[in-house]
Every structure is written in C-alpha cells, then in structure tokens.
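In: Just need the structure, nothing else, for what follows:
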Amino acid sequence: AVTALEGEDGRLCRARLSDGDVLEVDLAVAALGAVRNVEWLEGSGLAAGPWGVACDAGCRAFDINGLVTDDVFAAGDVARLPHPVYEYQFLALEHWGSAVAQAEVAAHNMLSGQTRAGRT
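Out: Below is the predicted model of the structure:
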C-alpha cells in the first residue's frame, strides 16, 4: 500500500510503500470507487438506482416513465448514457475524461436552447 507521496519543486517524484520500498514515480491515480450515490434521489421521480441516473446523449436525466426531463442533468460516474460503441447500451463510464466531456455537454444544454449530444 502507498503510505506517502513525495515531491520536489512542485512535482511528484516518489511513492513510499508500507513495506518500506520507495518507487520513483511521476504520476499517481487515486480511485475512489464506483458506488453511485443516488440514495438522495429516492422519491425524486428520476430513473435512478444502483446503476446510476439514466440520461440521454445530452446528459438530460430520464424520469421514472422514461421521459427526458428538460431541467435535470447528470454527468460523471453517476450518469448512464447511451454509448454508440456498445450498440447504444446505457453505460456509466468511470473515467475523468468522460466526466469532463459530459459536464461540457450538460453545461451547454443548460445554457443554450440548442441541444448538443455528448461524446462518451
């Protein structure tokens, strides 16, 4: 296990391990897990559950009747969107790049009358 990350001149350079070993590194990735925090949405009328929040390609959330909402958006690990590579199956992609791209799409669609579809 990593017990410490150390740097020099503002840059990461070492990882200290619990067994005493020291690794020379220049990148660290912190994974927080994939448990989707949707309990607070219970009773909201949104299509949300342990798998995440179902959304269209524009990051608009679906309600429990399968209708797209006009003013509720989701992005990041919690958002399940149709993915073109996987025959438009609804998937939640757990990658920071997806979260950034989805946030851009959601923000555009919140502020603009013109819908833009996301890239997952």
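
In: what's the distance between the most far-flung residue of the chain relative to its centre and Thr3?
Out: Using CA atoms, centre = their mean, the residue of the chain lying farthest from its centre is Gly20. It sits 34.2 Å away. Separation of Gly20 from Thr3 (CB to CB, to the nearest Å) stands at 9 Å. Placement of C-beta: from N, CA and C, glycine included.

In: next one: Val105
Out: 39 Å.

In: So for the two, which residue has more residues nearby?
Out: Neighbours per residue (other CB atoms under 10 Å) separate Val105 from Thr3, with Val105 holding more: 24 against 10.

In: Now the residue nearest in space to the middle of the chain. Its backbone dihedrals?
Out: Compute the mean C-alpha point of the chain, and by CA atoms, centre = their mean the closest residue is Gly76, 2.0 Å away. Dihedral pair for Gly76: phi 90, psi -160, per degrees, to the nearest 10.

In: Spit out the contact partners of it.
Out: Ser98, Ala99, Gln102, Ala103 (CB atoms under 8 Å, 6 or more residues apart in numbering).

In: can those residues go into CSV with extra columns for pLDDT?
Out: Below are these laid out as CSV (pLDDT from 0 to 100):
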residue, pLDDT
Ser98, 90
Ala99, 92
Gln102, 95
Ala103, 95
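
In: Just give me the closest of the residues you listed to Ala61.
Out: Nearest to Ala61 out of these is Gln102 (CB to CB; 12.0 Å).

In: who's in contact with stretch 42-57?
Out: Outside stretch 42-57, the residues that touch it by CB under 8 Å, 6+ apart are 36, 38, 41, 61-64, 66, 68-69, 72-74, 77-82, 90, 92, 105, 117-118.
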